[in-house]
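1. sequence? don't have it. structure:
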């Protein structure tokens, strides 16, 4: 009992809940972190509230601070990249250079600086600052496939009509290569992995909030109104790429919510997933919904092995219905509305109705891309040049180019030819092969821990506590690797009807790959 006549040493008037919060989060509530959060809020306010002609009032100072921090701590660039992907369009220099480009350049500069500093740094400091990295550690086949993809795009320059657009595409995919090669060296611990995941979730939440603001204040052009409801578009300018971006984070959050270990992980994941899912409804993107459905199906089948039997039954049933329809044995009236909705039938290139206009336009761009590939089968029309030569290949009344073929696989075949599309497919195959290897490694790690827990020799309370903690980490790692694979699947599926490698999302795609191939080898 407190007695003021004795001593004040054992008394504190601080509430118990506040002491617990301080003990739990005190290590993170540092002066540097608080200042960093305040600066981020102020910067976001300036980007949204100030006129663009006044951006230089704070842009130089901001870039100088980021440059210094990136040189001192190169991992800073990786942590900031998820924020610049959606918000970089608000800060464009010279019409082309975004904050994402600047961060990737700073990351490469810091990495190169490490070679200059190494001879002058004491042996005990070889793992600090720009030298806080591992040696080349990306799987060699994956690195080779990425390099071959960039080289294949370079070969398409022989037939390019617009060199400026080709250079923009090469820069974009070269940045992906830089992030892959250097990101795998700087992501060394599990804390690095989860910090990057948190930054991705925060960036996705910020875009969701912005989407709700567009809905609430009805901010958008009349062309984005469908069925008396505005299709939100975030900072992406179009609903479809915005849907692709939201799906990348939503798939990750859903996997952590459904498969994660502990109420903290699952509640925090739900706090991210729910707002993103709400925005997904207002996007009204058929491609986005199909991609999200594929990701959810993947999460359920891989995350819950008992459901795989149902998946096999569903797959066999789907094949049976398809075969019956092709043989004329299935009632047409039951399946034709679905086929019309997804744009497989009822296509018109000369007199499309309001109901089938979007589907007809998409198929017309597919045919234009296929015709480009047929005329330039080996080197294509030049990477990034689809819209420049579209007027020579348009179909029906669809004379206006939309920037891409509305199918990235057709698009890269048209722009980079056979070499480009084969290199791109090999790159994706390498990504999923090594992603699958990460998944198997983490599952095997969990199984070994479970086996050790059943061992009678590990009966001491301390050993069991350590094993249970490691098993919890392994469960969250498994949930995360499934979420990363699901996120990549959303991109690959959505690219069947669109092109998501726009708006710096190529850099986010690269970050997902870095996390995927590093998760099974990082330390605590």
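-> Arrived safely. Computed from a predicted model, the values in this text were never measured in an experiment. Numbers count the residues shown, from 1 in each chain.

2. Kindly list the longest helix within this structure.
-> Using DSSP state H to define each element, the chain has its longest helix at helix 408-454.

3. elements contacting that one?
-> helix 140-155, helix 357-375, helix 386-389, helix 461-494, helix 505-518 (3 or more CB pairs under 8 Å, 6 or more residues apart in numbering; DSSP states H and E). Using the backbone N, CA and C atoms, a C-beta is placed for each residue, glycine as well.

4. Give me the buried positions along the longest one.
-> Right, the one you point to is helix 461-494. Across helix 461-494, burial judged by 16 or more other CB atoms under 10 Å covers 467, 470-494.

5. now it against helix 505-518, angle please.
-> For helix 461-494 against helix 505-518, the angle by axes from the mean of the first three to the mean of the last three CA atoms, to 10 degrees is 150 degrees.

6. Could you give the separation of helix 461-494 from the chain centroid?
-> 17 Å (CA atoms, centre = their mean, to the nearest Å).

7. Give me the pLDDT for the closest residue to residue 475 other than its chain neighbours.
-> Distances taken as CB to CB, 6 or more residues apart in numbering place residue 261 nearest to residue 475, at 3.8 Å, with adjacent residues excluded. If you check residue 261, the pLDDT there is 89.

8. Residue 451 - how many residues pack around it?
-> 10 (other CB atoms under 10 Å).

9. so what's it scoring on pLDDT?
-> pLDDT, residue 451: 85.

10. Please enumerate the strands of this structure.
-> Taking DSSP state E to define them, one finds strands in the chain at 225-226, 229-230.

11. To residue 59, which of those strands lies closest?
-> strand 229-230 (31.1 Å; CB to CB).

12. residues in contact with the closest one?
-> By CB atoms under 8 Å, 6 or more residues apart in numbering, the surrounding residues in contact with strand 229-230 are 214-215, 218-220, 224, 282, 284.

13. quick check, nearest of those to residue 449?
-> For the contacts of strand 229-230, the nearest to residue 449 is residue 282 (42.9 Å; CB to CB).

14. Find the residue closest to that closest one in space, skipping its chain neighbours.
-> Closest residue to residue 282 in three dimensions, ignoring its sequence neighbours and counting by CB to CB, 6+ apart: residue 232, at 5.0 Å.

15. Residue 280 is in contact with the one you found, correct?
-> No. The pair residue 232 / residue 280 is not scored as a contact, 9.7 Å apart, by CB atoms under 8 Å.

16. So if I had to pick from those two, which one is more boxed in?
-> Neighbour count, other CB under 10 Å: between residue 232 and residue 280, residue 232 has more, with 28 against 21.

17. And that one, how close does it get to residue 218?
-> Per CB to CB, to the nearest Å, residue 232 is found 11 Å from residue 218.

18. Turn the helices and strands packed on helix 408-454 into CSV, columns for distance to residue 297 and mean pLDDT.
-> Listed next are those as CSV, based on distance: least, CB to CB, whole Å; pLDDT from 0 to 100:
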stretch, distance to residue 297, mean pLDDT
helix 140-155, 26, 96
helix 357-375, 23, 92
helix 386-389, 31, 94
helix 461-494, 9, 91
helix 505-518, 19, 96
